[in-house]
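[1] predicted coordinates and the sequence they were generated for:
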Amino acid sequence: MSKEPLLTDKIIEQILTIRDSGVTNMFDVKRVQREARRKGYYELVVFLEEHHKEYAKFILTGESE
């Protein structure tokens, strides 16, 4: 059985949009969440609540798996 990726293309796009805006340091997860909520990126808000480790790995390495 194929496992669904935690970091979907949609969530990656949302992360990159916030990063590219320059509004916050991407390691300030609470601020990233606030910005995601403000933009209506609810998938990212939930992802940040539940998958800190995967988020940090993506920010540091660009790897989504």
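    Okay, I see it. Owing to the predicted nature of the structure, the values given are computational and were not obtained by experimental measurement.
[2] how much space separates Ala22 from Leu6?
    Actually, residue 22 is Gly rather than Ala. Taking C-beta to C-beta, to the nearest Å as the measure, Gly22 and Leu6 are separated by 26 Å. Heads up, the C-betas are built off the backbone N, CA and C, glycines and all.
[3] of these two, who's got more company?
    Neighbour tally, Gly22 and Leu6, criterion other C-beta atoms under 10 Å: the higher count belongs to Leu6, 15 against 7.
[4] what helices and strands are in contact with the least confident helix or strand in the chain by mean pLDDT?
    Per-element confidence for the chain was summarised using mean pLDDT, DSSP states H and E. The lowest value among helices and strands belongs to helix 52-61, with a mean of 94. Packing contacts for helix 52-61, counted by 3 or more C-beta pairs under 8 Å, 6 or more residues apart in numbering; DSSP states H and E, involve helix 9-21, helix 42-50.
[5] which one of the ones you listed lies closest to Glu63?
    Proximity to Glu63 (C-beta to C-beta) singles out helix 9-21 among the helices and strands packed on helix 52-61, at 10.8 Å.
[6] mind listing residues that contact that closest one?
    When contacts are taken as C-beta atoms under 8 Å, 6 or more residues apart in numbering, the neighbours of helix 9-21 outside the stretch itself are 24, 26, 32, 35-36, 39, 41, 43-44, 47, 55, 58-59, 64.
[7] go ahead and flag the most central residue of the protein.
    Centroid-nearest residue in the chain, with C-alpha atoms, centre = their mean: Ile15, separated by 4.4 Å.
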